[in-house]
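Asker: Here is the input, now give the coordinates:
(2 chains)
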Amino acid sequence: MSVTTTQKRASKRKSAQEGGSFLASLPWIGPALLLILAIVVFPAGYMIYNSTRKISQVGTDLKGVGFDNFAKVFADPNLPRILLNTVIWVVVVVSLTVVISLALAQFLNKPFPGRTLVRMAVIVPWAASVVMTTTVFYYAMDPNYGIFNKFLVDIGVLEEGFGFTKNAVPAMAVAIVIAVFVSIPFTTYTILAGLQAVPGETLEAARMDGAGRWRTYISVILPQLRGAVAVAVLINIINVFNNLPILKIITGSIPGYSADTLMTYIFKILQFDRRLDISSALSVVNFVIVLVIVAIYVKTVKPMKEV
Amino acid sequence: MSILTTEDRASRNTVIWRMVAGLAVAAVFLVPYAVMFIGSLKTRSEILAVPPNYLPQDGAQWSNYLTMWDTPETPVAYNLISTIVISLCATLLVLLVATPAAYYTARFKFPGKMAFMFLVIVTQMLQPAVLTTGLFKQMLAMNLYDTWLAMILINAAFNLAFAVWIMHSFFASVPKEVEEAAQIDGAGKLRVLFKVSLPLVWPGIVTAVIFTFVACWNEFAASLVILSTAENQPLSVALTKFVGQYSTAWQYVFGVSIVAIIPVIALFMIIEKRLIGGLTAGAVK
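Answerer: Below you'll find the model as predicted:
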């Protein structure tokens, strides 16, 4: 296997030919470039522009204020709590997702009757929209008519229905569970795909050397999964960081900002305070944070050598 | 003999244990959707009953699946058509635009290649949810506000990145020699792409299509801002119409959700095997 990989790498290196000028590439990359420039660049530029303006609550652009909005954002007493929430949200969701998915993929890679059906069941949260999945959790967690609450009362875990979505800490915990739940399918399938590439002979050799299951997993299988896990983590970081619907539905009705991440805070500032200028500045800060995290991650982990 | 039977029993026990564990895993992932499905079969009063019943007590209200198409809240049939048209067209557009870009960047060096790939990755980090205000203003200016075309373009643009990434690594893994043989025969770049490379990267294309289609099918934030006419809105937005300030028609929320989920699950079922193959070459290098 390592031989074929090396061969692939070598042939890949050779295969990147000189294509000539940027102009010659335009018929190929032009359509993609046009779509990105036409649809993504204007709203992104508009966001950056708005972050330097003073805009009234009815949307009138009053004047340019330079970096005043950013000064206000960084002086905001809510910001430390929101940044802390964002860090907890991303770190806990992504690490739980990866650990559970590693175990689940390992299990789903073993042969047993009905495995295809179990794999199909695991894919369902991926097929369902996040909004729909979160909505059904929200309904089932209701202290009065929620089915999950009734179940917890019936099996004796709870005395009476508990308002999971009514207070910041339990609501945040519920949101984390949902985020992990909807992130597992993609992550598990990516790792499952990675497991297909672990050669049988390597496992055989490790077993012959008398390595235990856990040893084999840590020193033989896990290193082979590096590529798959690296890509899955990168995509999960971006998606979880920018996730709006889960927290909006689950913690949205909680007053104050104790259960907000940057994304939901931006949304509240825009929708309830009608401050397009401040929310734009926050969006720029949000984007820069994602950009820096991804840059550091790509630089150190190198998930995609080709790109 | 005795060793053999012990081994047989052990492996049978292992298989049974795996099946039990498999059942438990499947249950965990299906429970929320079972709640959704059972809820869609309850009457409006029963779904808000305190305490709730696990199963409908007045008999399963299959009629919910008929009445939900004709409610004052939203025209569900139109919403379904909108979702289908927008998702199919956006996926097609992504394929048309991403395939040549992925192919060319994987095969040739050219000035500006790194800048282009960086731009692609940046679009992955910008979600339409953060940019709704700008998108709204832009679509007004382009005279596309409240049209399917606007959402087709937006969905395509924001899902382009992943398709380019995935297909780029697939094209990169096709040995150059395969293409050279065809080039010697005098085939042009485009012919080589269609006749030689595309059939080889088929699993990558399937993976890219699935990702794009599911993302478009479930898109919410931009549709909410760009599409104002009820008939134009996709199912994801239509659902929220059933959630009222004082009372929510949960049975319709769940019924519509089930209808929206089924086509995507069917799609996944068809390509399940290919998906694992697709993610392998895409993710593991």
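
Asker: I'd like to know how many residues surround A:Pro170.
Answerer: 17 (other Cβ atoms under 10 Å in any protein chain shown). The C-beta positions use only the backbone N, C-alpha and C, and glycine is treated the same way.

Asker: Where does the prediction get shaky in the stretch 151-285 of chain B?
Answerer: For the stretch 151-285 of chain B, the stretches with pLDDT under 70 are B:245, B:273-274, B:276-285.

Asker: One more pass at 80, please.
Answerer: Along the stretch 151-285 of chain B, the model assigns pLDDT under 80 to residues B:169-170, B:173-190, B:192-197, B:199-200, B:202-204, B:207, B:244-247, B:271-285.

Asker: Mind checking what secondary structure B:Ser169 has?
Answerer: Secondary structure state of B:Ser169, per DSSP: H, G, I helix; E, B strand; the rest coil, is helix.

Asker: tally of neighbours for it?
Answerer: Using other Cβ under 10 Å, B:Ser169 has 24 neighbouring residues.

Asker: quick one: it and chain A, what's the gap?
Answerer: For B:Ser169, the distance to chain A equals 6 Å [Cβ to the nearest Cβ, to the nearest Å].

Asker: And for residue 38, the neighbour number?
Answerer: No chain specified, so I'll use chain A. Residues near A:Ala38, counting by other Cβ under 10 Å, number 13.

Asker: look at chain B instead
Answerer: Around B:Ile38 there are 17 residues (other Cβ under 10 Å).

Asker: so which strand or helix has the closest residue to it other than its chain neighbours?
Answerer: Nearest non-adjacent residue to B:Ile38, counting by Cβ to Cβ, 6 or more residues apart in numbering or on different chains: B:Leu55, 6.4 Å away. For B:Leu55, there is no host helix or strand (DSSP states H and E).

Asker: How many neighbouring residues does B:Leu55 have?
Answerer: 9.

Asker: how much space between it and chain A?
Answerer: Distance from B:Leu55 to chain A, by Cβ to the nearest Cβ: 10 Å.

Asker: surely that residue meets B:Val35?
Answerer: No - contact criterion Cβ atoms under 8 Å: B:Leu55 and B:Val35 do not qualify, at 11.1 Å.

Asker: The helix or strand harbouring A:Gly45 and chain B, are they touching?
Answerer: Per DSSP H and E: A:Gly45 is located in helix A:42-50. Yes - Helix A:42-50 is in contact with chain B by Cβ under 8 Å from any Cβ of the partner chain, via A:Phe42, A:Pro43, A:Ala44, A:Gly45, A:Tyr46, A:Met47, A:Asn50.

Asker: Chain B: which of those residues is nearest?
Answerer: Using Cβ to the nearest Cβ, A:Pro43 comes nearest to chain B of those, at 2.8 Å.

Asker: so the closest one touches B:Ala129, yeah?
Answerer: No - using Cβ under 8 Å, A:Pro43 makes no contact with B:Ala129, being 11.2 Å away.

Asker: so where's the stretch 1-150 of chain A shaky on pLDDT?
Answerer: Short version for the stretch 1-150 of chain A, where the test is pLDDT under 80: A:1-24, A:58-59.

Asker: could you pull out the helices for it?
Answerer: Secondary structure of the stretch 1-150 of chain A (DSSP state H, counting those that start in this stretch): helices located at A:2-15, A:22-36, A:42-50, A:68-75, A:79-108, A:115-127, A:130-140, A:147-154.

Asker: deepest of those, which one?
Answerer: The highest average neighbour count among these, using mean count of other Cβ atoms under 10 Å in any protein chain shown, belongs to helix A:130-140 at a mean of 24.

Asker: Please name the residues that touch A:Asp277.
Answerer: A:Asn50, A:Ser51, A:Arg53, A:Lys54, A:Ile55, A:Val65, A:Asn69 (Cβ atoms under 8 Å, 6 or more residues apart in numbering or on different chains).

Asker: Quick check: which element contains it?
Answerer: helix A:276-301.

Asker: pLDDT averaged over that helix, what's the number?
Answerer: What helix A:276-301 shows for mean pLDDT is 88.

Asker: who are the neighbours in contact with the residue nearest in space to the middle of chain B?
Answerer: What sits nearest the mean C-alpha location of chain B, by Cα atoms, centre = their mean, is B:Val214, with 0.8 Å. Neighbouring residues of B:Val214 by Cβ under 8 Å, 6+ apart: A:Trp126, A:Ala127, B:Val264.

Asker: I'd guessed the last one sits against B:Ala215; true?
Answerer: What it means is B:Val264. No - using Cβ under 8 Å, B:Val264 makes no contact with B:Ala215, being 10.8 Å away.

Asker: Show me the helices in chain B, by range?
Answerer: B:2-39, B:44-47, B:64-67, B:76-107, B:113-125, B:132-141, B:148-172, B:176-184, B:189-192, B:198-200, B:202-217, B:221-226, B:235-240, B:250-283 (DSSP state H).

Asker: quick one, phi/psi of the closest residue to chain B within the stretch 151-300 of chain A?
Answerer: Taking Cβ to the nearest Cβ, chain B has its nearest neighbour within the stretch 151-300 of chain A at A:Ala193, 3.4 Å off. Main-chain dihedrals, A:Ala193, degrees, to the nearest 10: phi -60, psi -40.

Asker: and it, how many neighbours?
Answerer: 26.

Asker: Could you report the separation of it from A:Pro185?
Answerer: 13 Å (Cβ to Cβ, to the nearest Å).

Asker: The helix holding A:Asp277 versus helix B:113-125: what angle between them?
Answerer: Orientation check (axes from the mean of the first three to the mean of the last three Cα atoms, to 10 degrees): helix A:276-301 against helix B:113-125 gives 120 degrees.

Asker: that older thread, work out the gap between the helix holding A:Gly45 and the centre of the chain.
Answerer: 24 Å (Cα atoms, centre = their mean, to the nearest Å).

Asker: So which residues make contact with that helix?
Answerer: A:276-277, A:280, A:283-284, A:287, B:126, B:130-135, B:137-138.

Asker: which among the residues you listed gets closest to B:Phe162?
Answerer: B:Leu126 (13.1 Å; Cβ to Cβ).

Asker: Surely that closest one and A:Val288 touch.
Answerer: No - taking contacts as Cβ under 8 Å, B:Leu126 lies outside contact range of A:Val288: 11.7 Å.

Asker: okay, those two: which has more neighbours?
Answerer: It is B:Leu126, of B:Leu126 and A:Val288, that has more neighbours when counted by other Cβ under 10 Å, with 23 against 10.

Asker: What distance do you get for the more buried one to A:Val41?
Answerer: According to Cβ to Cβ, B:Leu126 and A:Val41 sit 10 Å apart.

Asker: Count residues in the vicinity of A:Leu222, would you?
Answerer: The number of residues packed near A:Leu222 is 13, by other Cβ under 10 Å.

Asker: and A:Met141, backbone torsions?
Answerer: phi -90, psi 0.

Asker: Am I right that it is in contact with A:Val174?
Answerer: Yes - under the criterion of Cβ under 8 Å, A:Met141 makes contact with A:Val174 at 6.2 Å.

Asker: So between these two, which is more surrounded?
Answerer: A:Met141 (24 against 20).

Asker: Excluding residues flanking it in the chain, which one is nearest that one?
Answerer: A:Phe164 (4.5 Å).

Asker: if I've got this straight, the one you found is in a helix?
Answerer: No - according to three-state DSSP, A:Phe164 belongs to no helix; its state is coil.

Asker: quick one: it and A:Met172 touch, right?
Answerer: No - between A:Phe164 and A:Met172 there is no contact under Cβ under 8 Å: 10.2 Å.

Asker: between the contacts of B:Val214, which is closest to B:Ile47?
Answerer: Each of the contacts of B:Val214 was scored against B:Ile47 by Cβ to Cβ, and A:Ala127 proved nearest at 23.6 Å.

Asker: Below-threshold pLDDT in the stretch 201-307 of chain A: ranges please.
Answerer: For the stretch 201-307 of chain A, the ranges with pLDDT under 80 are A:201-212, A:227, A:301-307.
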